[in-house]
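Peer 1: Here you go, sequence then predicted model.
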Amino acid sequence: MGKDEFVVVQTSIDDESKADGLAAAIVEHKLAACVQRFPIKSTYRWKGKIENSSEFLLAAKTRMALAGELTDFIREHHPYELPEVIVTPITAGLPEYLEWVAVETLGSQESP
């Protein structure tokens, strides 16, 4: 496993049930091994106004090879006009955990 093989893809969403649904869909489609959900407060500028909102941050652990597909999936299933999608490399981690991420995100035709 190369050090650049794994990433965390994050997005935020303003509704808890939508956050849960998106997280479940991502894992069901094997686009991530795990998606964590955190309640957050966001302050941002949108269309010329400062906005403050309660949101849920989703952090999906996956392989770099799936980052583009996961980005497309989020964009297709996200209710926001412009969803946050940020990909952060995992530069180190417990090897057994990263192996689990690899196994849980493999399609039926792929091998680790």
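Peer 2: Right, received. Where do you want to start? Numbers count the residues shown, from 1 in each chain.
Peer 1: Mind jotting down where the strands sit in the protein?
Peer 2: With strands called from DSSP state E, the chain shows them at 6-13, 34-46, 49-63, 86-89.
Peer 1: residues making contact with the second one?
Peer 2: By CB atoms under 8 Å, 6 or more residues apart in numbering, the list of residues contacting strand 34-46 from outside reads 12, 19-20, 22-23, 26-27, 50-61, 101, 104. From N, CA and C alone the C-beta is placed, and that goes for glycine too.
Peer 1: Same question for the lowest-mean-pLDDT helix or strand in the chain: list its buried residues.
Peer 2: In the chain, the helix or strand scored least confidently by mean pLDDT, DSSP states H and E is helix 95-104, which has a mean of 95. Neighbour-count burial for helix 95-104, counted by 16 or more other CB atoms under 10 Å, picks out Leu98, Val101, Ala102.
Peer 1: Quick check: the last one vs Glu81, distance?
Peer 2: Okay, so that is Ala102. Relative to Glu81, Ala102 is positioned 34 Å away (criterion: CB to CB, to the nearest Å).
Peer 1: What of Gln36?
Peer 2: Counting by CB to CB, the gap from Gln36 to Glu81 is 25 Å.
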